[in-house]
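Participant: Pasted the sequence and its predicted model underneath.
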Amino acid sequence: MHSKKALVIGTVWPEPTSSAAGVRTIGLLVALRDLGWQVTMASSAKNIEFRDRIAERGFTVETIEMNHSSFDELLAREKYELAIFDRFLVEEQFGARVERTLPNCLRILDTIDLHFLRRTRELRIKGKISESELDQDTCLRELASIYRSDLSLILSSQETAILQEEFAIPHGLTAEFGFCYDVPELTDLPKYADRPPHLAWIGNFRHAPNEDAVRWCLREFLPAHWDQIRARIPNAEIHFYGAYPPKELMALDQPKKGIRVFGPCDNAIGTLKKYRAMFAPIRYGAGIKGKISDSWAAGLPVVTSEIGAEGMVAPGQSFAGVIASTPEALRDAAIELVLNESVFETRQAQGLRALEELYSSTRQRERLGVILGQLENRPRPWIQKILWHQNHRSTDFFSRWIEAKESK
């Protein structure tokens, strides 16, 4: 039986020990393979140590170049039936070459999160645009990429609703696909009494919302509220983990006060099993938050903001954690999760249920199979044909101009 070929083109080689996006991409690769696809991962990124780790998992890897005919040759040789672009920037760089060389190949945009939404919220919170404005350039580029693709994978129902209600993106052009987890049994997780009375944070510092949250926490929240927390919980500590930490934040490590900035850790879920509460005061962002789903998988109750909880609610349920909208509410929720065993256990059980409903590997694989099955025989919409008309293909022509210029 013919095994269909899928090409996943990454912005970078996935770093599952460093970022939630890396975990999400690995989950997608595994789900495709489990569905019977022969999967190749390709990227032009330089973090090649992570490329080798993808190969060790049994996937084919290809190092590719932007704006170069060698990529066209790869497409013509392998004749992929499915191409997935990791973020709209990759679709801009490689989508036209896939469309031209393999016109029957299905093209899927994996948004990871809606970049225009995250960027707009960042600009608003920094006072650079008003509450009624958008980061219009990013928005137009990302929406154009969605329309050029046969389908876009969206991480949450919240982002799907934004695309459909505010930008009139047709329902058939999007499908939801989030993280993939093997959900643990409650009995296999450390109990309340086995965890020290500490709070945790984890998140890649190269992701702007993570760095912003930690800066706010270290410079504003803790100076105002940490003494009150320790007055209630004398042995409490708060530990910050994350890949690529800035030196200035590492310098804020204060062991005597129980404020620790550790940097990266090799196993996020294993690390989080040692704590009583995930403290995630996220001020802006988009998509879904790996620190929250990892916490659920570690049996760790969560206190976060409305942005942190956005899109991470199972149908018919409330958020499996505490949503706090003020610094005082964050403080009080953290104290209760650490001190109250009954509340801890209730939130722990809720988190596991949410993980099963939203991100179970089995459910996600089945969901992806349905998505791809529905896509294979669907006619391409006219809006896509219009955008691929030569008058609208500036990214394609620009890419070929660069190649011709560099070959002289």
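Facilitator: Good, I have the coordinates.
Participant: For residue 371, see how far away residue 5 is.
Facilitator: Distance of residue 5 to residue 371, computed by CB to CB, to the nearest Å: 18 Å. All C-beta spots, glycine's among them, are computed from the backbone N, C-alpha and C.
Participant: I'd guessed residue 172 sits against residue 379; true?
Facilitator: No - the criterion here is CB atoms under 8 Å, and residue 172 misses it with residue 379 at 10.4 Å.
Participant: and these two? which has more neighbours close in?
Facilitator: Legend: neighbour count by other CB atoms under 10 Å for residue 172 and residue 379, higher for residue 172 (12 against 5).
Participant: While we're on the more buried one, how confident is the model there?
Facilitator: Note for residue 172: predicted pLDDT of 90.
Participant: give me every residue that touches it.
Facilitator: By CB atoms under 8 Å, 6 or more residues apart in numbering, residue 172 lies in contact with 378, 381.
Participant: Shouldn't it be within a helix?
Facilitator: Yes - looking at residue 172 with DSSP: H, G, I helix; E, B strand; the rest coil, it is inside a helix.
Participant: how much space between it and residue 33?
Facilitator: 26 Å.
Participant: Which helix or strand lies directly C-terminal to the helix of greatest length in the chain?
Facilitator: If you go by DSSP state H, the chain has its longest helix at helix 341-359. Using DSSP states H and E, the helix or strand that follows helix 341-359 in sequence is helix 361-376.
Participant: Report the buried residues of that following helix.
Facilitator: 361, 364-365, 367-368, 372 (16 or more other CB atoms under 10 Å).
Participant: what is the mean pLDDT for that helix?
Facilitator: For helix 361-376, mean pLDDT rounds to 94.
Participant: quick check: angle from that helix to helix 341-359?
Facilitator: Going by axes from the mean of the first three to the mean of the last three CA atoms, to 10 degrees, helix 361-376 is angled at 30 degrees with respect to helix 341-359.
Participant: What is helix 361-376 packed up against?
Facilitator: helix 20-34, strand 106-110, strand 151-154 (3 or more CB pairs under 8 Å, 6 or more residues apart in numbering; DSSP states H and E).
Participant: contacting residues around the first one?
Facilitator: If I follow you right, that is helix 20-34. 6, 8, 10, 14-16, 39, 41, 50, 54, 57-59, 84, 86, 110, 112, 153, 155, 177-180, 203-204, 288-291, 293-294, 361, 364-365, 368.
Participant: so residue 284 touches residue 305, yeah?
Facilitator: No - counting by CB under 8 Å, residue 284 stays clear of residue 305, with 9.2 Å between them.
Participant: ok, and the closest non-adjacent residue to residue 4?
Facilitator: residue 81 (4.8 Å; CB to CB, 6 or more residues apart in numbering).
Participant: Enumerate every residue touching residue 115.
Facilitator: Contact partners of residue 115, counting by CB under 8 Å, 6+ apart, are 87-88, 138, 142, 286.
Participant: go on, residue 94?
Facilitator: Counting by CB under 8 Å, 6+ apart, residue 94 has contacts 9, 64, 66, 71, 83, 85.
Participant: Neighbours of the second one, how many?
Facilitator: The local packing count at residue 64 equals 19, with neighbours defined by other CB under 10 Å.
Participant: Isn't residue 84 up against residue 5?
Facilitator: No - using CB under 8 Å, residue 84 is not in contact with residue 5; the gap is 11.8 Å.
Participant: the more surrounded of the two?
Facilitator: residue 84 (26 against 17).
Participant: ok so, going back, buried stuff in the longest helix of the chain?
Facilitator: 343-344, 347-348, 350-352, 354-355, 357-359.
Participant: quick one, domains of this structure?
Facilitator: Residue ranges for the domains of the chain, per automatic domain parsing: 5-180+361-406, 186-359.
Participant: The ones you listed: lowest mean pLDDT?
Facilitator: Lowest mean pLDDT within the domains of the chain: domain 5-180+361-406, at a mean of 92.
Participant: follow-up on the earlier one: contacts for the longest helix of the chain, please.
Facilitator: With contact meaning CB under 8 Å, 6+ apart, helix 341-359 is reached by 178-181, 183-184, 186, 189, 192-193, 276, 293, 295-297, 299-302, 312-315, 317, 319-322, 336-338, 363.
Participant: try 6 Å this time
Facilitator: Helix 341-359 is contacted by residues 178-179, 181, 183, 186, 192, 293, 296-297, 299, 301, 314, 320, 336-337 when judged by CB atoms under 6 Å, 6 or more residues apart in numbering.
Participant: Leaving out sequence neighbours, find the closest residue to residue 399.
Facilitator: residue 67 (4.8 Å).
Participant: I'd like to know the phi and psi angles of the one you found, please.
Facilitator: phi 60, psi 40 (degrees, to the nearest 10).
Participant: Likewise for the one 10 residues further on?
Facilitator: Summarising the backbone geometry of residue 77 under the convention degrees, to the nearest 10, its torsions are phi -70, psi -40.
Participant: ok, it - contacts?
Facilitator: Per CB under 6 Å, 6+ apart, neighbours of residue 77: none.
Participant: Residue 117 now?
Facilitator: When contacts are counted by CB under 6 Å, 6+ apart, residue 117 touches residue 286.
Participant: Quick check: phi and psi at it.
Facilitator: Main-chain torsions, residue 117, degrees, to the nearest 10: phi -70, psi -50.
Participant: hey, where'd the strands end up in this structure?
Facilitator: Counting by DSSP state E, the chain has strands at residues 5-10, 38-43, 60-63, 82-86, 106-110, 151-154, 174-176, 199-202, 238-241, 259-263, 277-280, 302-304, 322-323.
Participant: Would you reformat the ones you listed as CSV and include distance to residue 220?
Facilitator: What follows is those, written out as CSV (distance: least, CB to CB, whole Å):
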stretch, distance to residue 220
strand 5-10, 35
strand 38-43, 37
strand 60-63, 43
strand 82-86, 34
strand 106-110, 35
strand 151-154, 33
strand 174-176, 35
strand 199-202, 14
strand 238-241, 14
strand 259-263, 13
strand 277-280, 14
strand 302-304, 17
strand 322-323, 19
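Participant: so which of these comes closest to residue 389?
Facilitator: Closest approach to residue 389 among the strands of the chain is made by strand 106-110 (16.1 Å; CB to CB).
Participant: Can you give the strand pairings for that closest one, parallel or anti for each?
Facilitator: strand 82-86 (parallel), strand 151-154 (parallel) (DSSP bridges).
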